[in-house]
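A.B. asks: Coordinates only, no sequence provided:
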């Protein structure tokens, strides 16, 4: 016997539209360890990034032919973002190289940090996911990040109709775990017109308000 789970309407009522990978904001200020680095990364120039992963290592303890797996330490892989190269006066490609040079100079092999305290040459990076209407939905913060690798800019005579990009890899100390942004209230669209509001603390989003009028249905769906 077929179950009601096979009905498309059941899926429509339990799937709320989905988040989009192209709706995000990534922002950070450049560290204040040097006056030559001022301002912040423009959110309009960050083309790609990610919610960073978090990994727990495993401690394997053998016991009579079996393995007891215990949690070890938490590790963070390098985090990468892709930036549009632009002829803006802020010139981000040079800024990231200058930031890297402040940490460890190319020629002198010295640093501008005070007493090897690199915290003044690090910064926090905020990664924000947006919902379908452009409101902040989920955010994570990478704490005390610094550029470990400034990627190349590839030049090619045959590469037309393309905007130059470059990548920057960051190391960071820890991450504030991704969490839903606590907005006061969010709007709920009603298919067929009108809006309603719901509290972010609500744990149940109901959609099954169907009303049959003149052999048709008006379906109200949370999205």
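C.D. replies: Received it, and whenever you're ready, just let me know what you need. Note that the coordinates shown come from a computational prediction; the quantities given were computed from them, not determined experimentally.
A.B. asks: Quickly run through the sheet partners of the longest strand along the chain, with directions.
C.D. replies: Longest strand in the chain by number of residues (criterion: DSSP state E): strand 136-150. Using DSSP bridges, strand 136-150 pairs in its sheet with strand 123-130 (antiparallel), strand 165-171 (antiparallel), strand 174-180 (antiparallel).
A.B. asks: buried ones in the longest one?
C.D. replies: Using 16 or more other C-beta atoms under 10 Å as the test for burial, strand 123-130 gives 123-125, 127-130. (Glycine included, C-beta is placed from N, CA and C.)
A.B. asks: Report the two of these separated the most.
C.D. replies: Greatest spacing in the buried residues of strand 123-130, by C-beta to C-beta: 123 and 130 (22.0 Å).
A.B. asks: If you rank every helix and strand of this protein by mean pLDDT, what lands last?
C.D. replies: Each helix and strand of the chain was given a mean pLDDT (mean pLDDT, DSSP states H and E); the minimum falls on strand 209-213 at a mean of 35.
A.B. asks: got the contact list for residue 143?
C.D. replies: Counting by C-beta atoms under 8 Å, 6 or more residues apart in numbering, residue 143 makes contact with 124, 172-176.
A.B. asks: Mark which of the residues you listed are buried, thanks.
C.D. replies: 124, 172, 175.
A.B. asks: and which of the residues you listed is nearest to residue 157?
C.D. replies: Residue 157 has its nearest neighbour among the buried ones among the contacts of residue 143 in residue 172, at 37.6 Å by C-beta to C-beta.
A.B. asks: Leaving out chain neighbours, which residue sits closest to residue 84?
C.D. replies: Distance criterion C-beta to C-beta, 6 or more residues apart in numbering; nearest residue to residue 84, sequence neighbours excluded, is residue 45 at 4.7 Å.
A.B. asks: oh sorry, the question was meant for residue 40
C.D. replies: Residue 40 sits nearest to residue 29 (C-beta to C-beta, 6+ apart), 4.3 Å away.
A.B. asks: quick one on the thing from earlier: just give me how far the longest strand of the chain sits from the chain centre.
C.D. replies: 8 Å (C-alpha atoms, centre = their mean, to the nearest Å).
A.B. asks: Give the buried residues for that strand.
C.D. replies: Buried residues in strand 136-150, counted by 16+ other C-beta under 10 Å: 137-142, 144-147, 150.
A.B. asks: which residues does residue 139 contact?
C.D. replies: The neighbours of residue 139, taking C-beta under 8 Å, 6+ apart as the test, are 126-129, 178-179, 181.
A.B. asks: give me that answer again for 7 Å
C.D. replies: Neighbour list for residue 139: 126-128, 178-179, 181 [criterion: C-beta atoms under 7 Å, 6 or more residues apart in numbering].
A.B. asks: now swap in residue 140 and tell me
C.D. replies: So residue 140 contacts 51-52, 127, 175-178 (C-beta under 7 Å, 6+ apart).
A.B. asks: what about 8 Å?
C.D. replies: With C-beta under 8 Å, 6+ apart, residue 140 has these contacts: 51-52, 126-127, 175-179.
A.B. asks: quick one: it and residue 79, what's the gap?
C.D. replies: Distance, residue 140 to residue 79, using C-beta to C-beta, to the nearest Å: 10 Å.
A.B. asks: and the helix of greatest length in the chain, what does it pack onto?
C.D. replies: Determined from DSSP state H, the single longest helix within the chain is helix 92-103. Counting contacts by 3 or more C-beta pairs under 8 Å, 6 or more residues apart in numbering; DSSP states H and E, helix 92-103 is packed against strand 136-150.
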